[in-house]
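J.: Sequence and predicted structure below; questions after.
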Amino acid sequence: CGVFGIWPELEASRQTYLGLYALQHRGQEAAGICSRDQGRLHLHKGQGYVADVFTEATLDRLPGDGAIGHTRYSTTGGNVASAAHPFLVEGRFGQIALCHNGNLTNTEELRNRLIQEGQVFSSPSDSEVILALINRAKAASVVEAVVEALRQVEGAFSVLIITKDKFMAARDPRGFRPLSMGRLGGATAFSSETCAFDLLGAEYVREVEAGELVVMDRDGLTSLFPRERIQARPCVFEHVYFARPDSFVYGLSVMGTRRDMGRLLARRHGVAADLVVPVPDSGVSAALGYSEESGIPFDFGLIRNHYVGRTFIEPRQSIRSFGVKVKLNPVRELLKGKRVVLVDDSVVRGTTSRKIVSMVRAAGAQEVHMRISSPPTTHPCFYGIDTPDREHLLAATRDLEAIREFIGADTIGYLTLEDLQTSVRDPDGGHFCYACFTGDYPVLPRSAAGRCG
Ligand code: 5GP
Ligand code: SF4
Ligand code: MG
C-alpha cells in the first residue's frame, strides 16, 4: 500500500490526492482520504484507482488544512470494500483516523483478546486493531495512548494518524516499510515514496526512522521512540520490485540500485546474445544495467499496454495466454532470429514468466536466456508484500534446472544474495530484510490475517 499525508496546508486533501496519484503503483484496489477541518474529520474512500474514487465534488467535501490518504493493495485480507483505508472511528479521544502500510504479525492474538474484552470489528484489517488498542489504552492523552498501542503491535507498519488536534506518523522498530518526510512551504508531508514529493514540488527532508513516532501539533514537531531501538531491517524487495525507480527509498535511489543489480547479474551470468529485452515495467532498470555491463544492445522487445484495468471481459473462445497478451505484446521485428536476454525483477509462481518466454519464442526469437535481478523467491512475505504460500512459489520446491524447464528458457540466471546486498550497499547483509529469499524472518510470523501491503 501507499500512504501520504500533509499538514498544515490550505489544500490538504487536493495535495493528498496528488500524492496518492504518485503512489498508485503501490495499490490499485482502493483509495481513501481523511481530512481535518477545524477539529472535525471528513472521510471519503472507495474501491478502484485514485482517479475513479475521487471527483472535484468529493474533494470539495474534504475541507481543511490536514489530510491523510492511502492506496490499497490487498493481500490476504481480500479485496473487500470494508478494508479500504483510512479508518475513521470515534472514541475516548474524539475522532481519530488511521491509514497503514504493512502487515502486523500478531493481529490474530490481539484481535481475539480485544474481542474477548468486548471490542467489535467491522473489517478484517489489522488497522482497526491499532485503533482499538489506542482507544483501550490506559493513558490519559491520545499521544500516550498511541505509544501504548505501538508497544503491543508486532510486524510491519508505516502509519499515519490524524485526530482533532494531532497529526502523527510512525514506523515499526525494524522499519520494514518505507516512510519519508518532506516539506512544502510551511507544511510537513509524509509519503511512502519520495516520487510523491516530486509531483507536489515538496522537498525531501529525511526518513521517518525505524521505531520513530513523529507527533505534530500547533506547538511543533516532537519525535518519540516508543520502544527500545533495535537494528532496522527494511524490505529489500522495495528496491527489487515494489517502489518506483524515480523514488529514493531508505535514502537510496531505486533506479541506481536496480541498475547495479542488472550490472552484477551480467557479470555473474553473461551469455552470448544479440539483444537485452526487459519485461516491462519492473525489469527495465535492471535490463539497462545488464546491457551496459555486457555491451549487448538494449531494446523494448515487449510492449506493455498501460490501460489494462483490474478487470476486463475475457473472450468466450479461449485465446492462448490471453491474460498476458492483453498486457504485453512482443515486437516481432526486433525479436526475429535473435538470441534474447530477457530480464525481469523476480519470479514468484512462474506462470507469467513461462507465458512470456513462449510468447517471445513465438515471435521468432532463436534463443531465450532468462535473467532475474533478485535471488530465487523461496519464502512468503509476512510484512506487507503479497506472496502466495510456499507451495505455490516456483523456487521453493525446485532446483535451478527444474525452474528453467518450467519456464521454458534456454538458460536461467538469478542474482546472488551477495550481489543483491552489494546493490543496496549492505555488504554484510545485516541492514535489510531478505526473508523472502532466505527464510530468515526478522519477526516470526504468528498470524497473517488482514494483510495489506
Ligand atoms: P510469475 O512468473 O511469477 O507469475 O510473475 C513474475 C512477475 O510478477 C514479475 O514480472 C514480477 O515483476 C511480478 N511480481 C513480483 N512480485 C509481485 C507482486 O507483489 N505483485 C505483482 N502484481 N506482481 C509481482
Ligand atoms: Fe520485503 Fe521479502 Fe522481507 Fe517481505 S520478506 S519484507 S518482501 S524482503
Ligand atoms: Mg513484472
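T.: Yep, that arrived. Ligands and ions are numbered 1, 2, ... in the order given.
J.: Residue 271: what's it in contact with?
T.: If you count contacts by CB atoms under 8 Å, 6 or more residues apart in numbering, residue 271 has them with 339, 341, 369, 411, 413. In this view, the C-beta of every residue, glycine as well, is placed from N, C-alpha and C.
J.: and the gap between the closest residue to ligand 1 within the stretch 51-200 of the chain and ligand 2?
T.: With CB to the nearest ligand atom as the measure, residue 73 is the residue of the stretch 51-200 of the chain nearest to ligand 1, at 7.7 Å. Counting by CB to the nearest ligand atom, to the nearest Å, the separation of residue 73 from ligand 2 is 12 Å.
J.: ditto for residue 89
T.: Residue 89 sits 28 Å away from ligand 2, going by CB to the nearest ligand atom.
J.: before we move on, what about residue 204?
T.: When CB to the nearest ligand atom is the yardstick, residue 204 and ligand 2 sit 22 Å from each other.
J.: ok so, going back, quick one: neighbours of the residue of the stretch 51-200 of the chain closest to ligand 1, just the number.
T.: For residue 73, the neighbour count with other CB atoms under 10 Å is 21.
J.: Now do the SS call for residue 318.
T.: coil (DSSP: H, G, I helix; E, B strand; the rest coil).
J.: Dump the contacts of residue 271 into a markdown table; add neighbour count, secondary structure and pLDDT as well.
T.: A markdown table is the format used below for those (neighbours: other CB atoms under 10 Å; DSSP: H, G, I helix; E, B strand; the rest coil; pLDDT from 0 to 100):
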| residue | neighbour count | secondary structure | pLDDT |
| --- | --- | --- | --- |
| 339 | 16 | strand | 98 |
| 341 | 30 | strand | 99 |
| 369 | 22 | strand | 99 |
| 411 | 15 | strand | 98 |
| 413 | 21 | strand | 98 |
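J.: Tell me the one among these nearest to ligand 2.
T.: Distance to ligand 2 across those (CB to the nearest ligand atom) is lowest for residue 413, with 20.3 Å.
J.: what about that closest one, distance to residue 335?
T.: Residue 413 sits at a distance of 20 Å from residue 335 (criterion: CB to CB, to the nearest Å).
J.: Could you do residue 87 as well?
T.: Between residue 87 and residue 335 the distance, using CB to CB, works out to 48 Å.
J.: Flag every residue of the stretch 351-453 of the chain that's near ligand 2.
T.: If contact is defined as CB under 6 Å from any ligand atom, the residues of the stretch 351-453 of the chain in contact with ligand 2 are 381, 383, 385, 433-436.
J.: Identify the spatial nearest neighbour of residue 117, chain neighbours not counted.
T.: On the basis of CB to CB, 6 or more residues apart in numbering, the spatially nearest residue to residue 117 that is not a chain neighbour turns out to be residue 136, at 7.1 Å.
J.: thought residue 117 was touching residue 135?
T.: No: Residue 117 is beyond contact range of residue 135, at 11.1 Å (criterion: CB atoms under 8 Å).
J.: more neighbours, those two?
T.: In this comparison of residue 117 against residue 135, neighbours counted by other CB under 10 Å, the higher total goes to residue 135 at 18 against 9.
J.: Contacts only, for the residue nearest to the residue of the stretch 51-200 of the chain closest to ligand 1 when sequence neighbours are not counted.
T.: Setting aside the residues directly before and after it, residue 73 is nearest to residue 27 in space (CB to CB, 6+ apart), at 3.4 Å. Shown here is residue 27, whose contacts under the criterion CB under 8 Å, 6+ apart are 1-2, 70-74, 453.
J.: Rebuild the residues you listed as JSON lines, extending it with pLDDT, secondary structure and distance to residue 222.
T.: JSON lines is the format used below for the contacts of residue 27 (pLDDT from 0 to 100; DSSP: H, G, I helix; E, B strand; the rest coil; distance: CB to CB, whole Å):
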{"residue": "1", "pLDDT": "96", "secondary structure": "coil", "distance to residue 222": "26"}
{"residue": "2", "pLDDT": "98", "secondary structure": "strand", "distance to residue 222": "25"}
{"residue": "70", "pLDDT": "98", "secondary structure": "strand", "distance to residue 222": "24"}
{"residue": "71", "pLDDT": "97", "secondary structure": "strand", "distance to residue 222": "28"}
{"residue": "72", "pLDDT": "94", "secondary structure": "strand", "distance to residue 222": "29"}
{"residue": "73", "pLDDT": "88", "secondary structure": "coil", "distance to residue 222": "31"}
{"residue": "74", "pLDDT": "75", "secondary structure": "strand", "distance to residue 222": "34"}
{"residue": "453", "pLDDT": "47", "secondary structure": "coil", "distance to residue 222": "29"}
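J.: Could you list the buried residues of the worst-scoring helix or strand of the chain on mean pLDDT?
T.: Of all the helices and strands that make up the chain, the one with the lowest confidence by mean pLDDT, DSSP states H and E is helix 322-325; it has a mean of 83. Taking 16 or more other CB atoms under 10 Å as the basis for neighbour counts, the residues of helix 322-325 that come out buried are residue 324.
J.: same check, this time on stretch 219-237
T.: Buried residues in stretch 219-237, counted by 16+ other CB under 10 Å: 224, 226, 232-237.
J.: residue farthest from the centroid of the chain?
T.: The outermost residue of the chain, judged by C-alpha distance from the chain's mean C-alpha position using CA atoms, centre = their mean, is residue 337 at 37.8 Å.
J.: Might you report the residue contacts of the residue nearest to it when sequence neighbours are not counted?
T.: If you skip the residues right next to it in sequence, residue 337 has residue 366 as its closest partner in space, 5.6 Å away by CB to CB, 6+ apart. Contacts of residue 366 were listed using CB under 8 Å, 6+ apart, and they are 337-340.
J.: what's the closest of these to ligand 2?
T.: Of all those, residue 340 has the smallest distance to ligand 2: 28.4 Å, by CB to the nearest ligand atom.
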